[in-house]
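# Below are the sequence and a predicted model for it; my questions follow.
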Amino acid sequence: MAPPLLYSTNVFLKLLICERFAGDLHYAWCSECFDSTSLARYTLSAQLAPTSNPADIYRDLQKAVARRDRHSYKINEQRVSLKNLALQWETTEQVTTQEKQEIIYMIDNADFSDWRPLLYIIPRAAVEDRLKIVPPEKRASLGPEYIVANLKRSEFDVLEL
């Protein structure tokens with residue numbers, strides 16, 4: 001039986017950008033557990049790599065924000081990803097050029113607190129029809145990873161630890 005919840009770690013700024021520019025629809029890369037290191041060692045779900053484990057991602061972002069680490073790989077990765085998203089949205093006419101510029105301005109001028117991690121808790125039943133397993137060649141390890149596109153804000157809770 002599949003676990004009833006999915007977990008995803010994202011930055012606060014991404015939540016704001018999706019709320020304002022994507023019609024409050026979100027994209028979440030998920031796991032069936034918050035911390036794979038807390039699972040029985042010989043289970044498949046315990047095999048998630050740190051780069052896919054929501055707890056490790058959360059801790060890495062939390063440390064980078066607390067220490068104001070301008071060279072944080074995770075924060076810089078998020079910057080690039082969000083800028084690429086803005087460019088993609090402009091290309092597909094989901095946002096105007098002016099809105100794309102606003103998104104890039106937000107990213108370039110974000111305070112460290114805007115990069116703080118948020119934990120999305122997603123009831124599986126609400127997204128089961130849109131839940132996609134990540135293809136094996138795109139996973140960081142053997143453990144299962146999932147994607148939920150067009151996740152409505154009403155379909156998940158947000159926690160800060």
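Received, thanks.

# the helices in the protein, which residues?
Secondary structure of the chain (DSSP state H): helices located at 12-21, 54-66, 73-91, 97-108, 124-127.

# And the average pLDDT for the third one is what?
It stands for helix 73-91. Here helix 73-91 scores 97 as its mean pLDDT.

# tell me which residues in stretch 58-67 are buried?
For stretch 58-67, a neighbour-count test (16 or more other C-beta atoms under 10 Å) marks 58, 59, 60, 61, 62, 64, 65 as buried. Heads up, the C-betas are built off the backbone N, CA and C, glycines and all.

# so what's the closest residue to residue 139 other than its chain neighbours up against?
Spatially, and ignoring its direct neighbours in sequence, residue 139 is nearest to residue 145 (5.1 Å; C-beta to C-beta, 6 or more residues apart in numbering). The contact partners of residue 145, taken as C-beta atoms under 8 Å, 6 or more residues apart in numbering, are 29, 30, 31, 48, 52, 133, 134, 139.

# Tell me the buried residues within those.
29, 30, 31, 48, 52, 139.

# Most distant residue from the centre of this protein?
residue 42 (26.5 Å; C-alpha atoms, centre = their mean).

# Now the phi/psi pair for that residue, please.
The phi/psi pair for residue 42 (degrees, to the nearest 10) reads phi -100, psi 30.

# Give me the distance between residue 99 and residue 1.
Applying C-beta to C-beta, to the nearest Å, the value for residue 99 to residue 1 is 43 Å.

# More neighbours: which of these two?
residue 99 (15 against 3; other C-beta atoms under 10 Å).

# Run through the residues that contact the closest residue to that one other than its chain neighbours.
Leaving aside its chain neighbours, residue 99 sits nearest to residue 21 (5.9 Å; criterion: C-beta to C-beta, 6+ apart). Residue 21 makes contact with 86, 89, 94, 95, 99, 102, 103, according to C-beta under 8 Å, 6+ apart.

# Contacts only, for the residue farthest from the centre of the chain.
By C-beta under 8 Å, 6+ apart, the contact list for residue 42 is empty.

# Residue 144 versus that one, what's the distance?
15 Å.

# try residue 3
In terms of C-beta to C-beta, residue 3 sits 10 Å off from residue 144.

# what is in contact with the two at once?
Here residue 3 and residue 144 have residue 32 as joint contacts, going by C-beta under 8 Å, 6+ apart.
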